[in-house]
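In: okay, sequence plus prediction incoming.
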Amino acid sequence: MKPSLSECVYRKCVCVEGRQVHLELYEPCSQACEGKSALNDQIRWADGFILVYDISDRSSFLTAKALLRLIRELHLGSTKRNVDPLIFLVGNKQDLCHMREVQREEAQRLAAEAHCQFYELSVAEHYQEVALIFSKMVQSVSRGCKERRRRRPSGSKSVAKLINNVFGKRRKSV
């Protein structure tokens, strides 16, 4: 039996800069493959991404690279978004550097080309770094959402006035 989508979405409410923020974390690796369209839908609704690969496993890096390209492609074609999503590329298992298959420079180059933030860490040794990455992601996305809410399409108030003027509906002063 395939896991349902709700088993792959983790929800949490956190306080960021004095505001309650509702997070939904989607983990595609924890589910049986439901097809590319399900993944595309999840990518479209997300405001930020943390792509994690294993530095001792080249195939995981290639998967992260493919996901990075897919994210850019889907968000580039999206009309509802006017900013790029925030993406962190994270190399895990730094404690296994003696088994390294992905060089740090190669991952840094990919992150720079894709305009991502790059980190390399060991979850097993420094879980605080993971918490810090999530915290940075949430704060950055929260700030970006706040900025988008502040910015209205240019002239949006004047358009309403123009429509009222064209159709002769004038406000009565009180």
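Out: Sure thing, it's come through.
In: which secondary element of this protein has the worst mean pLDDT?
Out: Of all helical and strand segments in the chain, the minimum by mean pLDDT, DSSP states H and E falls on helix 156-166, at a mean of 46.
In: residue contacts, Gln139?
Out: Gln139 is in contact with 16-17, counting by Cβ atoms under 8 Å, 6 or more residues apart in numbering. No exception for glycine: its C-beta is placed from N, CA and C like everyone else's.
In: an error on my part: the question was meant for Ala114.
Out: Contact analysis of Ala114 by Cβ under 8 Å, 6+ apart lists 68, 72, 87, 89.
In: looking at neighbours, which among the residues you listed is most surrounded?
Out: Leu89 (25 neighbours; other Cβ atoms under 10 Å).
In: can you classify that residue by secondary structure?
Out: At Leu89 the chain is in strand, as set by DSSP: H, G, I helix; E, B strand; the rest coil.
In: give me the number of residues near Lys93?
Out: If we define neighbours as other Cβ under 10 Å, then Lys93 has 22 of them.
In: for it, give its distance to Arg58.
Out: Remark: distance between Lys93 and Arg58 (Cβ to Cβ, to the nearest Å) = 13 Å.
In: quick revisit: with distance to Gln139 and pLDDT added, can I get the contacts of Ala114 in JSON lines?
Out: As requested, the contacts of Ala114 are arranged in JSON lines below (distance: Cβ to Cβ, whole Å; pLDDT from 0 to 100):
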{"residue": "Leu68", "distance to Gln139": "22", "pLDDT": "91"}
{"residue": "Arg72", "distance to Gln139": "22", "pLDDT": "84"}
{"residue": "Ile87", "distance to Gln139": "15", "pLDDT": "90"}
{"residue": "Leu89", "distance to Gln139": "18", "pLDDT": "95"}
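In: what's the farthest-apart pair in those residues?
Out: Arg72 and Leu89 (12.2 Å; Cβ to Cβ).
In: show me where the chain has strands.
Out: With DSSP state E as the definition, the chain shows strands at residue ranges 9-16, 19-26, 48-54, 86-92, 117-120.
In: now do the longest helix along the chain against strand 86-92, angle only.
Out: Among the segments of the chain that qualify as a helix by DSSP state H, the longest is helix 127-150. Taking axes from the mean of the first three to the mean of the last three Cα atoms, to 10 degrees, helix 127-150 and strand 86-92 form an angle of 170 degrees between their directions.
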